[in-house]
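Task: produce atomic coordinates for the following.
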Amino acid sequence: MRNCILSIVLCLMVCLPGIGQEKKASEDKKTTAAEKKGPMSFDKFFKKGMKQVDATFPVYELDDKYYMEIAEKYLGRDMFISGQMVKGIGVRASGLESAGVVNFKKGPQDKLYMYCEFGGVRGSEQQPEVARILEEETLLPVDAVFPIVAWGKDSTGVIIEITNLIKGTGNWYRLSDEGTSAALKGNKQSGGGEMIFVNEVLKKNHGVKFTLTWIVDQNVAGIECHVDLLPERRMRVRYADERVGYETLDYYDFGSNPYGIKKRTIIAKWNLEPKDMNRYVKGILTEPKEPIVFYLDNCFPKELKKYAKEGVLEWQSAFEKAGFKNAIQVREAQNEDEMTSAKAVISYSINAGTNSTSFERDIRTGEILACNVNLNHVTLGGYLDTYFARCGAIDPRMAKNIYDPHVAGAIVRMFVARQVGFALGLLPNAAGSYAYTPAQIRDRNFVKKNSFSASILDDCSFNFIAQPEDKMTTDELIYHVGVYDRWAIEWGYRVFPNSKTADNDKKLLKNLADKRLTNKTLLYMKNTSYDLRALPSDLSSDKIEASRLGIRNMERFIKNLNKLSATEDLKANNWQTYMTGGQNALGMLYQNLVYKVMENLGSRMKLERDEVFASKELQQQTMEFLAENVFAEPQEWMYDEVLTKEFGIGPKGIRFGLQEIVFSYLLNPKVIENMERATRVEGDKAYSLIDYWEDIRRLIFKNFSKDMVLSEYECHVENMFIMTFMDLMVKHMVLSNNNKLTTYGVNMIAWINDIHEQAKLLSEQHVNQTVRDHYRAMMYRIEQDMKLIASVTK
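I've put the predicted structure just below:
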């Protein structure tokens, strides 16, 4: 058994990338005379003029060379090494690819070995003997080897040179990764060259920090490199449950299966432990030994700090569900020492990126060790435009100033709360916005208590369903931490005092996760195509009613544009802003509202064991909605003078681009395949392809009536449908070299033959000459494309 396990370990280690490769990190390729003689004594090493920073790991500097001392008691201890970009051209707080958890041990010939933990193979709590074998007889990969330059002050510790390491050219962190540093390199200025130099070495709790300046092609960035000593006692792992959305890590466990290997998954989380376990056991809210403290960057805009703090503290109620009080805190750094020691930082940047969160974690336990939350100024402007379009008819502030400071602050509060959720280890939850009905989302008292989404980790930021008579405030129109979020934190952070192992925790946590079986507000899902519960940017469990209410608000807002444009003060100060932001936001809003309904077609839900398809009634209602809002003549409000003249997005701008999107979806192979599968499973209850085609004939082609005179718009709709139809057929059967008649191909050929036959009749028999010409042109287009298809499928 013992030899078998060791053989498997060796095989795995051969397969894992980078394992067993010894990387030399000597500062010079040539071995100096001093190295041949061995390490110097400390007295000989510490020369006149040498500077010293007395920290957990003392640092020495002389002639722009840097050395670090590691005391003997810290050799073999876990350390955490990380690098981050803290300043740049519009860049704040961006993590760099770093060594992570490492430890140092003495090697032969006066060398110091650095081992990077990979955590991919480990023993099990259930079989400590196996764990002991792995620990004692498995050789960890050596990531770097350093000559010992000198012995420490007490003659037992070691001193190594770290100049290149802290400058990003060694193994500690990389300035050449594809993240923010690459963006900095891409922002070319005249001139050239690259250099980096150390500004300062700072002592911090249990470690040391280096601040550096990096210059690339005349662009400048501030870099930090941190070396921290980790606690000797590791956090207990928490095994993942796919029903709760957390960032995860995988490893192979020897011991859970007596005669094999088991892949296990753990979550990423902060290490929270009750300060007073007796009070915690009694169910009394207890402060943690070490709270999660977020620091606002010193450059964070003063007028927005209040809202950022509110965003962090929204999670307080979630940790109370887990039994903690004051578990999450937010502070403004009073001095550089506080920022130096900060494990969690919230920054504000002006680059053209997006809001983001990054964190470093211990790959053995999943413990989150540090994180950076970065808010983006450009993103804030884009969200204000979106809020202007979606809630402008509900929030009177928007009539006065699109950049109302309270609205901007409420959006920042939402930004921070959402990104902090990710920093706590949680994943986006696409099912959050599906949890409630339109009636609940319009109930102000309900929204005050629950928000309008079960999760702030969904991506539907604004309550576009609410109507003016619902009397919602700005804070109620922008979402908050929800029911799912609080439950997920309870699942991830609750401590079980009487449980001795992570496996026992797992059994207790299963009971907590089982609650979601009877409570849809606790549902977690990733974005999933064709599943109505997990679609992006939707809101409510009734997509049709939600979009109708959203379009009603949009109509109300457009009608109010005349009043806005008549205001001289608005014209002088903000009207250009309204036009620029509103043009994109309004067009995208209408498209999104239609698209969310359209996704009902061919949709299904995967339950625990079954697959449930969208009902026939729902899909028929969806087709009627599309007829009203896409196929039929544009509504009167779309011809509003301000909308057409000043925004430049009249009915054609709103509708024409949308038609191709809708028709491409209606004729999507996946939609048609799902409908065909639903018919096989549900029989007459299903919305069959026969039903579908009858609705297309009726709603788009008016049942090919020879007496109905079509408008210019209705002719355009039919032409756009035929153009999209034939493009998809050519793509499916010609460009993809697919000469096999699939279910999709068979149905498409049958449908186009039907259209061609009807077009031929109407080109001869329709009562109106213009419409006869319309069908003659349609018939010609079909015939030309069918000849091309026939030549390929012979």
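
Where in the chain is the helix or strand with the lowest mean pLDDT?
helix 2-15 (a mean of 43; mean pLDDT, DSSP states H and E).

Which pLDDT value goes with Arg132?
Note on Arg132: pLDDT of 62.

for Asp773, that is, sorry about that
Predicted confidence (pLDDT) for Asp773: 97.

For it, what are phi and psi?
phi -60, psi -40 (degrees, to the nearest 10).

how far away is it from Phe704?
Using CB to CB, to the nearest Å, one obtains 16 Å as the distance from Asp773 to Phe704. Bear in mind the C-beta positions are built from the backbone N, C-alpha and C, glycine included.

now do Arg772
Arg772 is 13 Å from Phe704, by CB to CB.

thinking again about what came up before, so between Asp773 and Phe704, which is more surrounded?
Under the criterion of other CB atoms under 10 Å, the comparison of Asp773 against Phe704 puts Phe704 first, with 18 against 13.

The more buried one and Arg697 touch, don't they?
Yes. At 6.9 Å, Phe704 counts as touching Arg697 under the criterion of CB atoms under 8 Å.

Next up, the contacts around Gly432.
Ser453, Ala454, Ser455, Ile456, Leu457, Asp458, Cys460, Gly482, Tyr484 (CB atoms under 8 Å, 6 or more residues apart in numbering).

Most neighbours out of those, which is it?
Ser455 (33 neighbours).

Is the nearest residue to Tyr173 once chain neighbours are set aside part of a helix or strand, or is it coil?
Using CB to CB, 6 or more residues apart in numbering and skipping the chain neighbours, the partner closest in space to Tyr173 is Gly83 (2.7 Å). Recorded secondary structure, Gly83: strand (DSSP: H, G, I helix; E, B strand; the rest coil).

before we move on, the earlier item: any common contacting residues for Arg772 and Phe704?
Leu762.

What ranges in the stretch 201-350 of the chain fall below the confidence cut-off?
254-260, 336 (pLDDT under 70).

so where do the helices sit in it?
Here the stretch 201-350 of the chain has its helices, by DSSP state H, counting those that start in this stretch, at 277-281, 305-313, 316-321, 336-341.

How far away from the center of its chain is the second one?
In terms of CA atoms, centre = their mean, to the nearest Å, the centre of helix 305-313 is set 21 Å apart from its chain centre.

CA atoms only for stretch 49-58, dumped as CSV, please.
What follows is stretch 49-58, C-alpha atoms only, in CSV (Å, rounded to 0.1, in the frame of the first residue of the first chain):
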residue,chain,number,x,y,z
GLY,A,49,27.0,53.0,5.2
MET,A,50,24.7,50.0,5.0
LYS,A,51,21.1,50.9,5.8
GLN,A,52,18.9,48.5,7.8
VAL,A,53,15.1,48.1,8.2
ASP,A,54,14.5,46.1,11.4
ALA,A,55,11.4,44.0,10.5
THR,A,56,10.3,40.4,10.9
PHE,A,57,12.6,39.8,8.0
PRO,A,58,15.3,42.5,8.4
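
So for that stretch, mean pLDDT?
Average pLDDT, stretch 49-58: 94.

Next: stretch 654-672.
Summarised as a single mean, pLDDT over stretch 654-672 is 91.

Run the chain-centre distance for that stretch.
The answer for stretch 654-672 is 27 Å, by CA atoms, centre = their mean.

could you point out where the stretch 351-500 of the chain is predicted with low confidence?
For the stretch 351-500 of the chain (pLDDT under 70), the answer is 351-353.

can you rerun that using 90?
Applying pLDDT under 90 to the predicted model, the residue ranges of the stretch 351-500 of the chain that meet it are 351-364, 372, 374-390, 392-393, 395-404, 459-460.

Neighbours of the residue nearest to Glu367 when sequence neighbours are not counted, how many?
The spatially closest residue to Glu367, leaving aside those adjacent along the chain, is Met235, at 4.3 Å (CB to CB, 6+ apart). By other CB under 10 Å, the residues close to Met235 number 18.

Help me confirm that Met235 comes into contact with Ile267.
No. Counting by CB under 8 Å, Met235 does not reach Ile267; the two are 11.1 Å apart.

Output the residue ranges of the strands in the stretch 451-600 of the chain, listed in chain order.
Here the stretch 451-600 of the chain has no strands by DSSP state E, counting those that start in this stretch.

tell me the contacts of Val481?
Here Val481 is in contact with Glu314, Trp315, Ser317, Ala318, Ala417, Gly421, Ser451, Ile456 (CB under 8 Å, 6+ apart).

The fifth one sits in which helix or strand?
Here Ala417 is covered by helix 405-423, with elements defined by DSSP states H and E.
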